[in-house]
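A.B. asks: quick one, structure for this:
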Amino acid sequence: MYFVGQPPTKGRAWGVVPHNDGLLTGAPLIDSAPATLEAEVHDTADGGDHLIVIGRVLELWHTDDDVAPLVFHRGAYTRLAPMSSTTP
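C.D. replies: Numbering: from 1, shown residues only. Okay, the predicted model is just below:
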């Protein structure tokens, strides 16, 4: 499996994506992300045909930039509409 359709470089699947390794877990943290977190597995649960993984957040970082949220709804990425001033 390739990330963003690119084969791994330098023996790392994340070689083509600008990132830094997390200080606590070594997980790849994408440089341009508006927020990143490092977590560890807290518990797992049987989800029938899949495994549900529950994580414990160890570190959270976010920018101070006013960034629109990433919304995936009904099979597509979309944007949230601003609230009108007449909305109660």
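A.B. asks: can we go C-alpha only for contacts and neighbour counts from here?
C.D. replies: Noted.
A.B. asks: so for this protein, the centremost residue is which one?
C.D. replies: In the chain, the residue lying closest to the centroid (Cα atoms, centre = their mean) is Thr36, at 6.6 Å.
A.B. asks: now do the contacts for the residue nearest to that one when sequence neighbours are not counted.
C.D. replies: Using Cα to Cα, 6 or more residues apart in numbering and skipping the chain neighbours, the partner closest in space to Thr36 is Trp61 (5.4 Å). Shown in contact with Trp61 (Cα atoms under 8 Å, 6 or more residues apart in numbering): Ala35, Thr36, Leu37.
A.B. asks: count the neighbours of Val41 for me.
C.D. replies: By other Cα atoms under 10 Å, the residues close to Val41 number 10.
A.B. asks: let me redo that: Ala35
C.D. replies: Ala35 has 14 neighbours, counted by other Cα under 10 Å.
A.B. asks: with adjacent residues omitted, what lies nearest to it?
C.D. replies: Ala35 sits nearest to His62 (Cα to Cα, 6+ apart), 4.1 Å away.
A.B. asks: repeat for Val41
C.D. replies: Gly55 (4.6 Å).
A.B. asks: torsion angles phi and psi at the one you found?
C.D. replies: Main-chain torsions, Gly55, degrees, to the nearest 10: phi -100, psi 150.
A.B. asks: name the helix or strand for the residue nearest to Thr36, please.
C.D. replies: Using DSSP states H and E, Trp61 sits in strand 51-62.
A.B. asks: my guess is Pro28 meets Val16, correct?
C.D. replies: No. With contact defined as Cα atoms under 8 Å, Pro28 does not reach Val16; the gap is 11.7 Å.
A.B. asks: in terms of neighbours, single out the busier of these two.
C.D. replies: The residue with more neighbours, out of Pro28 and Val16, is Pro28; 19 against 15, by other Cα under 10 Å.
A.B. asks: OK, contacts around that one?
C.D. replies: For Pro28, the contact set (Cα under 8 Å, 6+ apart) comprises Trp14, His19, Asn20, Asp21, Gly22.
A.B. asks: which of the residues you listed has the most neighbours?
C.D. replies: The residue in those with the most neighbours, by other Cα under 10 Å, is Trp14 (20 neighbours).
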